[in-house]
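> This is a predicted model, with the sequence first.
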Amino acid sequence: MDDLSLLCNILKYVDDTTLTEIIASSSSVLDMQSLLNQLLTWSNENNMQINCIKTKEMILGSTAKRDWPLLTIHGTPLERVSVYKLLGVFISADLCWETHIEYIISKASTRLYLLKQLKRAGLCSSHLLHFYTTVIRPVLEYDSPLWHPTLTKSQIKR
(Lines give C-alpha, C1' and ligand atoms only; values in the text may rest on other atoms or scores of the structure.)
Protein backbone atom coordinates (compact mmCIF):
# COMPACT_ATOMS: atom_id res chain seq x y z
CA MET A 1 0.00 0.00 0.00
CA ASP A 2 2.95 2.34 0.50
CA ASP A 3 3.36 2.93 -3.23
CA LEU A 4 -0.29 3.92 -3.73
CA SER A 5 -0.32 7.60 -4.55
CA LEU A 6 -3.04 9.49 -6.36
CA LEU A 7 -3.67 13.17 -6.83
CA CYS A 8 -6.16 13.29 -3.96
CA ASN A 9 -6.27 12.78 -0.21
CA ILE A 10 -6.00 9.08 0.60
CA LEU A 11 -6.83 7.61 4.00
CA LYS A 12 -5.32 4.16 4.38
CA TYR A 13 -5.85 1.76 7.26
CA VAL A 14 -4.90 -1.92 6.91
CA ASP A 15 -7.18 -3.11 4.08
CA ASP A 16 -9.41 -0.01 3.94
CA THR A 17 -8.65 2.83 1.56
CA THR A 18 -10.71 6.01 1.36
CA LEU A 19 -10.31 8.48 -1.49
CA THR A 20 -11.45 12.05 -0.89
CA GLU A 21 -11.97 15.00 -3.17
CA ILE A 22 -12.82 18.56 -2.18
CA ILE A 23 -15.45 20.18 -4.37
CA ALA A 24 -14.54 23.87 -4.45
CA SER A 25 -17.76 25.31 -5.88
CA SER A 26 -21.09 24.37 -7.40
CA SER A 27 -19.57 24.67 -10.87
CA SER A 28 -16.75 22.21 -10.05
CA VAL A 29 -16.30 19.10 -12.15
CA LEU A 30 -15.74 15.91 -10.23
CA ASP A 31 -12.42 14.18 -10.84
CA MET A 32 -13.22 11.20 -8.61
CA GLN A 33 -13.97 8.82 -11.51
CA SER A 34 -10.48 9.31 -12.94
CA LEU A 35 -8.98 8.89 -9.46
CA LEU A 36 -10.99 5.69 -9.01
CA ASN A 37 -9.75 4.47 -12.42
CA GLN A 38 -6.16 5.14 -11.29
CA LEU A 39 -6.84 3.11 -8.13
CA LEU A 40 -8.20 0.26 -10.26
CA THR A 41 -5.08 0.34 -12.45
CA TRP A 42 -2.86 0.29 -9.36
CA SER A 43 -4.82 -2.62 -7.84
CA ASN A 44 -4.52 -4.63 -11.10
CA GLU A 45 -0.78 -3.98 -11.27
CA ASN A 46 -0.46 -5.20 -7.66
CA ASN A 47 -2.67 -8.28 -8.15
CA MET A 48 -5.37 -6.94 -5.85
CA GLN A 49 -9.11 -6.83 -6.39
CA ILE A 50 -11.50 -4.10 -5.37
CA ASN A 51 -14.74 -5.46 -3.93
CA CYS A 52 -17.43 -3.55 -5.86
CA ILE A 53 -20.11 -4.58 -3.36
CA LYS A 54 -18.24 -3.09 -0.40
CA THR A 55 -17.11 0.01 -2.28
CA LYS A 56 -19.40 2.97 -1.60
CA GLU A 57 -19.63 6.59 -2.61
CA MET A 58 -20.71 9.39 -0.31
CA ILE A 59 -20.94 13.11 -1.01
CA LEU A 60 -20.77 15.28 2.10
CA GLY A 61 -22.28 18.68 2.84
CA SER A 62 -24.50 20.91 0.77
CA THR A 63 -23.13 19.61 -2.54
CA ALA A 64 -24.82 16.25 -1.80
CA LYS A 65 -28.09 17.81 -2.99
CA ARG A 66 -26.76 18.11 -6.55
CA ASP A 67 -27.37 15.36 -9.07
CA TRP A 68 -23.82 14.07 -9.53
CA PRO A 69 -23.15 11.14 -11.89
CA LEU A 70 -22.56 7.83 -10.14
CA LEU A 71 -19.04 6.44 -9.96
CA THR A 72 -18.51 3.13 -11.72
CA ILE A 73 -16.11 0.22 -11.50
CA HIS A 74 -15.83 -1.70 -14.78
CA GLY A 75 -19.20 -0.25 -15.86
CA THR A 76 -20.95 -1.19 -12.60
CA PRO A 77 -22.29 1.85 -10.72
CA LEU A 78 -21.28 2.17 -7.08
CA GLU A 79 -23.92 2.52 -4.39
CA ARG A 80 -24.21 6.11 -3.15
CA VAL A 81 -24.89 6.18 0.58
CA SER A 82 -25.93 8.92 2.98
CA VAL A 83 -24.38 7.22 6.05
CA TYR A 84 -21.19 5.19 6.18
CA LYS A 85 -19.31 3.52 9.02
CA LEU A 86 -15.62 4.38 8.66
CA LEU A 87 -13.29 2.81 11.21
CA GLY A 88 -16.08 2.53 13.78
CA VAL A 89 -17.53 6.02 13.34
CA PHE A 90 -20.79 6.61 11.49
CA ILE A 91 -20.44 9.61 9.19
CA SER A 92 -23.53 11.05 7.54
CA ALA A 93 -23.73 13.16 4.40
CA ASP A 94 -25.34 16.03 6.31
CA LEU A 95 -22.44 15.92 8.81
CA CYS A 96 -24.76 15.35 11.78
CA TRP A 97 -23.99 12.70 14.34
CA GLU A 98 -27.45 11.27 15.06
CA THR A 99 -26.74 7.82 13.56
CA HIS A 100 -23.44 7.55 15.41
CA ILE A 101 -25.02 8.61 18.71
CA GLU A 102 -27.81 6.03 18.32
CA TYR A 103 -25.16 3.38 17.63
CA ILE A 104 -23.16 4.36 20.73
CA ILE A 105 -26.26 4.44 22.95
CA SER A 106 -27.35 1.01 21.75
CA LYS A 107 -23.92 -0.55 22.15
CA ALA A 108 -23.28 1.03 25.57
CA SER A 109 -26.78 0.09 26.83
CA THR A 110 -26.20 -3.55 25.99
CA ARG A 111 -22.90 -3.53 27.86
CA LEU A 112 -24.37 -1.64 30.81
CA TYR A 113 -26.97 -4.40 31.07
CA LEU A 114 -24.14 -6.93 31.29
CA LEU A 115 -22.55 -4.83 34.05
CA LYS A 116 -25.86 -4.89 35.94
CA GLN A 117 -26.02 -8.67 35.57
CA LEU A 118 -22.46 -9.02 36.85
CA LYS A 119 -23.35 -6.89 39.89
CA ARG A 120 -26.39 -9.08 40.56
CA ALA A 121 -24.13 -12.13 40.31
CA GLY A 122 -22.08 -10.72 43.19
CA LEU A 123 -18.86 -9.58 41.49
CA CYS A 124 -16.75 -7.34 43.70
CA SER A 125 -16.60 -3.64 42.95
CA SER A 126 -13.01 -3.79 41.65
CA HIS A 127 -14.03 -6.34 38.99
CA LEU A 128 -17.09 -4.26 38.09
CA LEU A 129 -14.91 -1.17 37.72
CA HIS A 130 -12.46 -3.13 35.57
CA PHE A 131 -15.35 -4.31 33.33
CA TYR A 132 -16.62 -0.73 33.01
CA THR A 133 -13.22 0.76 32.13
CA THR A 134 -12.32 -1.93 29.60
CA VAL A 135 -15.67 -2.76 27.99
CA ILE A 136 -18.06 0.20 28.38
CA ARG A 137 -15.98 3.36 28.64
CA PRO A 138 -14.10 2.81 25.34
CA VAL A 139 -17.45 2.67 23.50
CA LEU A 140 -18.40 6.05 24.97
CA GLU A 141 -15.05 7.68 24.27
CA TYR A 142 -13.88 6.18 20.97
CA ASP A 143 -13.00 8.99 18.59
CA SER A 144 -14.95 11.49 20.67
CA PRO A 145 -12.59 14.39 19.77
CA LEU A 146 -13.83 13.91 16.20
CA TRP A 147 -17.58 13.98 16.78
CA HIS A 148 -18.20 15.36 20.29
CA PRO A 149 -17.47 19.10 19.73
CA THR A 150 -20.31 19.39 17.21
CA LEU A 151 -23.06 17.78 19.29
CA THR A 152 -26.18 19.58 20.41
CA LYS A 153 -26.98 19.79 24.14
CA SER A 154 -29.72 17.16 23.79
CA GLN A 155 -27.33 14.78 22.02
CA ILE A 156 -24.74 15.25 24.78
CA LYS A 157 -27.37 14.57 27.45
CA ARG A 158 -28.42 11.33 25.73
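That came through, no problem.

> Next SSE downstream of the longest helix along the chain?
If you go by DSSP state H, the chain has its longest helix at helix 98-120. Where DSSP states H and E defines the elements, the next helix or strand beyond helix 98-120 is helix 125-131.

> Can you name every helix or strand that the helix or strand just after that next one contacts?
Per DSSP H and E, helix 125-131 leads on to helix 137-141 as the next helix or strand towards the C-terminus. In terms of contacts (3 or more Cβ pairs under 8 Å, 6 or more residues apart in numbering; DSSP states H and E), helix 137-141 is packed against helix 98-120. Just so you know, the C-beta spots here come from the backbone N, C-alpha and C atoms, and that holds for glycine as well.

> Now the helix it packs on: buried residues?
Across helix 98-120, burial judged by 16 or more other Cβ atoms under 10 Å covers 99, 100, 101, 103, 104, 108, 111, 115.

> List the contacts of that helix.
If you take Cβ atoms under 8 Å, 6 or more residues apart in numbering as the criterion, helix 98-120 is touched by 83, 89-92, 127-128, 131-132, 135-136, 139-140, 147, 151, 155, 158.
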